[in-house]
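Chemist: predicted model, plus sequence, below.
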Amino acid sequence: MAELNTAASLVLTHTTDGISGDYSPSAFPEDYFEFELSSFTAFLLLFGFLMILIIFLCGLVGNAIVIYYLCFILKKNPITTYILNLAVADACVLLSVVVLYSSLKESDPNSLSSISPYLLFYTYTTSGYLLTAISVEKCLSVVFPIWYRCHRPEHMSAIVCALIWAMSSLFFGIDSFLIYSSIKFLVISTISSVFCPLLVLICTVILFTKVCCSLHRRQRGKFYTALLLALLFFIIFGVPFSAMMTLIGFEVIDIKSIVWGPLICMTCAVINSSVNPFLYFLIGRGKKHRPREPLKVVLERVFVDKADCREDQSPQAMTASMMMTS
């Protein structure tokens, strides 16, 4: 995948060289820079890299904590199934950035340098697909509540997550170890940068209208607030990286002709994969609760909510309850 290797190499090499202020001609194409960066610009690059490093470490720790609590502490429900898979995908994205960076100087074609771009691309698209699936399901739950509660398959969240992981793993294995298909890359990148953001945007507007702006709304759980913020961050920070890869795949832009674009897009990808655990904590903590509550209580307030999770009730009981409260 020439586009992925070139883009990743320029992004991460640009970041590393920007720290030291040493822009060697061998690190970039010929005539890539026609000017010498000032000390102020080098300082900005150093400050930006340190900020991204802090965000990266905090995001990795935050996702690891969410994964631990959802696996071993909190009660399982459809919401936690989705969030667990999303946290795993975001953690894989962050680890893929590390693998890609560490493999840039490998010259062995059989080393990690040959598969690390594929790993980053497919973990990132998996995260986007999972968030899109969550937004669509919760949108259905507020638009068609009775139909959703009565006819939703019992293990739909687990089935959807399994299908998304299976599809991404299959395509990753084909591109990494068998044969690379540029057409498949273009299709997947187009879905990630056009179809998923459009679907997320529609669901965000519907959820915001139904949950926050409806005059006849019932009290919703905190998860809807967390989901709306996560969708907003995805639209702002998650789309640029996928859009860049799509434009490179269609040869609309030349990765060698731009300097800041790849760095900004990679930064947005790291932020998008790091922000969700902090949203869960801030929303679950709230303003009226004790400042030193256990993390289990904070996460339960977001994910284990009676307004969102009624999997233990029968369809008849849920229908009767919803008709009485309407």
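Modeler: Ah, there it is.

Chemist: any low-confidence regions in the stretch 151-300 of the chain?
Modeler: By pLDDT under 70, the low-scoring segments of the stretch 151-300 of the chain are 213-220, 251-261, 286-291.

Chemist: just the helices in the protein please.
Modeler: Using DSSP state H, the helices assigned to the chain run over residues 2-20, 39-72, 78-102, 116-143, 145-151, 156-173, 182-190, 196-207, 222-233, 239-249, 260-274, 276-285, 295-303, 315-325.

Chemist: can you list these in a markdown table and add mean neighbour count?
Modeler: C-beta coordinates here come from the backbone N, C-alpha and C atoms, glycine included. Shown next, in a markdown table, are these (neighbours: other CB atoms under 10 Å):
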| stretch | mean neighbour count |
| --- | --- |
| helix 2-20 | 19 |
| helix 39-72 | 16 |
| helix 78-102 | 22 |
| helix 116-143 | 23 |
| helix 145-151 | 14 |
| helix 156-173 | 16 |
| helix 182-190 | 16 |
| helix 196-207 | 18 |
| helix 222-233 | 21 |
| helix 239-249 | 22 |
| helix 260-274 | 21 |
| helix 276-285 | 20 |
| helix 295-303 | 19 |
| helix 315-325 | 12 |
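
Chemist: if I look at the nearest residue to S176 once chain neighbours are set aside, how far off is G173?
Modeler: Nearest non-adjacent residue to S176, counting by CB to CB, 6 or more residues apart in numbering: I115, 4.3 Å away. Distance check for I115 against G173: by CB to CB, to the nearest Å, it reads 10 Å.

Chemist: ditto for S116
Modeler: Distance from S116 to G173, by CB to CB: 14 Å.

Chemist: same thing with L207?
Modeler: Applying CB to CB to L207 and G173 gives a distance of 35 Å.

Chemist: also R301?
Modeler: In terms of CB to CB, R301 sits 40 Å off from G173.

Chemist: same question, S103
Modeler: 18 Å.

Chemist: contacts only, for V88.
Modeler: Going by CB atoms under 8 Å, 6 or more residues apart in numbering, V88 touches N63, I67.

Chemist: change it to 10 Å
Modeler: Listed by CB atoms under 10 Å, 6 or more residues apart in numbering, the contact set of V88 reads N63, A64, V66, I67, L70, C71, T123, T126, S127, L130, C161, W165.

Chemist: check I236 too.
Modeler: Contacts of I236 by CB under 10 Å, 6+ apart are C268, I271, N272.

Chemist: among those residues, which one sits closest to I79?
Modeler: Comparing the contacts of I236 against I79 with CB to CB places N272 closest, at 20.1 Å.

Chemist: my guess is the closest one contacts S127, does it?
Modeler: Yes. Applying CB atoms under 10 Å, one finds N272 in contact with S127, separated by 7.9 Å.

Chemist: quick one: common contacting residues for those two?
Modeler: D90, V93, F234, G238.

Chemist: quick check: the gap between the third one and P240.
Modeler: What that stands for is F234. Taking CB to CB, one finds F234 at 11 Å from P240.

Chemist: and for these two, which residues touch both?
Modeler: With CB under 10 Å, 6+ apart, F234 and P240 have common neighbours N272.

Chemist: that older thread, can you list the shared contacts of N272 and S127 in a markdown table and add distance to F177?
Modeler: Output for the shared contacts of N272 and S127, formatted as a markdown table (distance: CB to CB, whole Å):
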| residue | distance to F177 |
| --- | --- |
| D90 | 25 |
| V93 | 21 |
| F234 | 30 |
| G238 | 28 |
